[in-house]
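Undergrad: Output the structure for:
(2 chains)
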Amino acid sequence: MNFKDLLNPSTVSWLFLLILVSQPLFSQSDRNGERRLGSSYVITNTTLIPSPGEILQSQHVLFEDGIIRAFGKDLLIPADAQEIKGDSLFVYGGFIDMANKTGVVEPTIPEKPDNFDPSNPMPEIAGIHPHFNVTDYYQQTNPHDKEWRKLGFTLAQKLPLGKGMLPGTSALLIYGQEGKNNLITENQSIYFKFSTAGGVYPNTNLGVMATWRDLIQNARLYQQHQEMYAADRNIRRLEKNPVLEALIPVIKGQTPVLLEISGELDIQRALKMQDENYFRIILTGINEGDHLIPLLKEKQIGAVLTLNLPEDPSTEVPDGEKSKDFESRIQRAKEAYQKSLALAGKYEAAGIPFALTTKHLPRGDFFKNLQLMIENGLSKEGALAALTVNPAKLLGISDRTGTISEGKMANLLIMTDTLFSENANIHMVVSDGYLFDYSEKPEKLSEEETTWDYEAETEDGKSSGTWKIKQKEGKWTGTITFEDPQGQGMKTTAIENVIITTENMQFSFTVSVKNNTMEVEVSGNLSGEKFSGDMKIVGYGNFPVKAVKRDKPEKSNE
Amino acid sequence: MNRKILFPVIILTLINFTNQAQDIKKGDVFIQNAHVLTITDGVKENTDVWVRNGIIHKIGSQLRVPNDIVVIDARGKFLMPGIIDAHSHVALEAINEASSPITAEVKMGDVIDPFDIGIYRALAGGTTISHAMHGSANAIGGQNITLKHRYGTFNPDDLVMKEAPRTIKFALGENPTRVHGRGKNLQPRSRMGVEAVIRNGFEEAIQYKQTWEAWNKAKNQKNNRQVPPTFSSRLETLLDILEGEIIIHCHSYRADEIYMLIQVCKDYGVDKIVFSHVNEGFKVAPELANNTMGASVFSDWWAYKFEVYYSTAYNAAILTKNGVITSINSDSAELIRHLYHEAAKTQRYGGLSDEEALALITINPARQLGIDQWVGSIEEGKQGDLVLFDKHPLSIYAIPEMTWVDGIKYFDRKEDKTDQRLKVDPEETLEPMFLHADHVNCMSNVDFFFTGFGRNLFEHNH
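TA: Below you'll find the predicted structure:
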């Protein structure tokens, strides 16, 4: 190729393609995107809730270039500002999600070598990779974040995935315009879980705790060596250790550790870790342990409660003969259930500025669970704070978002009624100054049952069956037929967690094999009468699945 | 300050204390007219025991006690010290860190489960202290924790017996060779390998110590060229064993392997060692008596795998008569509820006296855990861990009626509720009831290493 060719437009486009293709697959997020150049909007004559508990009537809100420029009763409105009529609307700060993992893929872990010694694995195989950066594994074009934005979320703390105790660093991303680089902050916290990769050291919480102690001590020694070597090149060079290097900001108290917990004993363990070696700590996934609230307050531990509340135990009372103490046992289960609903209210009453996480939460339960928290002691202002100002503070971005104030990011939620009131709908969401209009009512979806014929490719070859899906009182339900893995012909089972939008469909179901149950999640894209996506058998892998909608719904024989 | 103001202040202070849950509860109780089985000072008939602030304050008769103290009328009943189990896995969330032949760095204190109903059941069987141990998958396992059964606390640390010295689990024979040798093709594959793993571990610890000593000496000198060494809590712990700060509790069965470890310990100057299970202990009883802190055995459990065939129910009696500090342990959430039955078996098999038999579950395990100056017998100044039986505890008809730890009553048969769980999962499946639950045991958490071959062979417990 000579120089002249380079100027040839077709060559240039080929080169461009080549550059695109040669990008590694995992770097989906473009970190060099351009900020958009000004577009200004004004919401006129609206009810504004700039921060929880504050209500201002007949306000105009001006935002431009993704920044809230001004709000008030009398504003000088630029001529080019596009008007959003805010009469009868209510404007809130956009929601912030913590410890969120939607759109993040698992990192590729190196293969175990021959003669692998599980007692001394390389850190990545042991699930110890705090140096992994979630932005390398985040797919900005994933379908989920858009759906969360529809519920009012404008910013999320993205967690790295990984099976072990130190999956990597989190990042803050804005749910803004597609195609833009929406990264706000990377290496924002070190994510820690009480979990292991399995089959290698460390394999239980015993090993996790011991490994953490050693890592902290060795990070200190590594730092010492680093300083010595910087001052004197006459000593043995420091062998690069990315794991220890990633932990240095933690021991210096610069980067917090976001610690995922799944019960109160995990909270106790986390506090013990902090007592032994001080570091900044934010607990996420809190679901119980109200008696620990005073202690967490005293130690000023950041708290993130899970929105994924337990199922009401009284809704699933089994049939058949009950044992003698059944009533007292279900009573205790109900009390435990009530206690988990009341937890958020107790944190609020104690004055802990806690945030909330949607991790593990089905989207359809978001407002329902908030409502349950409110019915059980959390104030509406407290709920709003837990979704706006509090996470902003925990994430260290209060100067940029969390409330509606001049100079902050234009992250807004525009409702048709006050938040958490029964008839409130989300009218629009403004994220990073971009407008997402949800004011049009979605097409009324048919209440008729639809039948889909699907075909999945699994390791054992092709497998096929049908899905029957219908909507009843706004809720999707249905069944799936599949070949019994134990060879007993076709089986039918209920599908759950059905979410259908104009572009996507997803649901899950369980298959029993002997005494085990397998969780299967199906998700993919809809285009007309066709579905194409993945079937994820939890713990086994992903398999492609395709389906076609039948013309006429099958009549039920029952 | 007048009284009206003072009173709310006191209440507030109390609330503050309970909130932080840092203080261990201690109680007062006066047990009157019991047959007191002191263990170390014979049986005292019609005797009173007064526990004040968690400590046995006075033993005698006609004691003058404060008017407001709780009085237990124990006429015709038998009071003995709380039973101590020197080998247990109750109240633990995880048991084996089976992923390496040496895991001396892991601590059972990190995985205490205060919600385990097994604690309450143990109390119902008169057991007030258990030695919560790491499993037997590794030649050198984790550091155990001695627990007092203060059931009702939500704070795992409240269960810890703070006075107890550190202990660690070792394991010889088939378990470590199967997990690491056969399971993962690592050393140890044989009993010789087990010895090599332990000796190499100690040698490495000695080198580690030298490295750190050299660094500590050099680091502040001018023109120091040395760089910081790597920290290893594993080797730190092995060093602490060599320096006599940790008592070894070693899972073992065969006489040859027991004798092997005695020799290894001699070579390294370690004398704090207790052997656990020790089914062939009767063959090396004099050696155990002369060189160890004793043996903790089953009364009559054997033949659940090859290395446990050569066994006898006379083991505890033979060891006792040879001067070995002997205890009987449970290693099971079920047996821990009736260790007094297990002790009584030594009267049928070996004719031990009442005092010898009861010592097997009280003062002897206390010695093996290094806690005999605080517990294990009814003596003034010891901790108020007591259990009241309706009949003599070595009678098959005996029933524990009340159990105290630090003078606090944690079990009372008359107040026993159907549901004694501390914590309930809101999403628990309510039906069906399971009569048989999986028992935790020495080989818990190691299953994953055995998928695919000869699994049935390994479905034994110890």
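Undergrad: Got the phi and psi for the nearest residue to residue B:333 once chain neighbours are set aside?
TA: Nearest residue to residue B:333, sequence neighbours excluded (CB to CB, 6 or more residues apart in numbering or on different chains): residue B:118, at 4.3 Å. The way it works is simple: take the backbone N, C-alpha and C, and place the C-beta from them, glycine included. Residue B:118 adopts backbone torsions of phi -60, psi -30, taken as degrees, to the nearest 10.
Undergrad: Quick check, residue B:118 in contact with residue B:336.
TA: Yes: look at residue B:118 against residue B:336 with CB atoms under 8 Å: they come within range, at 7.2 Å.
Undergrad: Check whether the helix of greatest length in chain B comes near chain A.
TA: Using DSSP state H to define each element, chain B has its longest helix at helix B:191-218. No: judged by CB under 8 Å from any CB of the partner chain, helix B:191-218 makes no contact with chain A; its nearest approach is 9.6 Å.
Undergrad: What are the buried residues along that helix?
TA: Buried positions in helix B:191-218, judged by neighbour count with 16 or more other CB atoms under 10 Å in any protein chain shown: B:191, B:193-195, B:197-198, B:201-202, B:204-205, B:208-209, B:212.
Undergrad: I'd like the distance from the residue nearest the centre of chain B to residue B:248, if you could.
TA: Nearest to the mean C-alpha position of chain B, counting by CA atoms, centre = their mean, stands residue B:131 at 1.3 Å. Separation of residue B:131 from residue B:248 (CB to CB, to the nearest Å): 13 Å.
Undergrad: Now list whatever residues contact both of these two.
TA: The contact sets of residue B:131 and residue B:248 overlap at residue B:167 (CB atoms under 8 Å, 6 or more residues apart in numbering or on different chains).
Undergrad: Report pLDDT for the residue in the stretch 301-450 of chain B that chain A sits nearest to.
TA: Closest residue of the stretch 301-450 of chain B to chain A, CB to the nearest CB: residue B:426 (3.8 Å). Per-residue pLDDT puts residue B:426 at 88.
Undergrad: check contacts around it.
TA: Counting by CB under 8 Å, 6+ apart, residue B:426 touches A:310-311, A:313, A:333-334, A:336-337, A:339-340.
Undergrad: How about residue B:374?
TA: With CB under 8 Å, 6+ apart, residue B:374 has these contacts: B:161, B:163, B:366, B:382-383.
Undergrad: Likewise for residue B:35?
TA: Contacts of residue B:35 (CB under 8 Å, 6+ apart): B:43-47, B:76-79, B:392.
Undergrad: give me that answer again for 6 Å
TA: For residue B:35, the contact set (CB atoms under 6 Å, 6 or more residues apart in numbering or on different chains) comprises B:45, B:78.
Undergrad: which element is residue 274 on?
TA: As the question left the chain open, I've gone with chain A. Using DSSP states H and E, residue A:274 sits within helix A:264-276.
Undergrad: my bad, chain B
TA: Applying DSSP H and E, one finds residue B:274 within strand B:273-277.
Undergrad: Could you pull out the buried residues of that strand?
TA: In terms of neighbour count (16+ other CB under 10 Å), strand B:273-277 has its buried residues at B:273-277.
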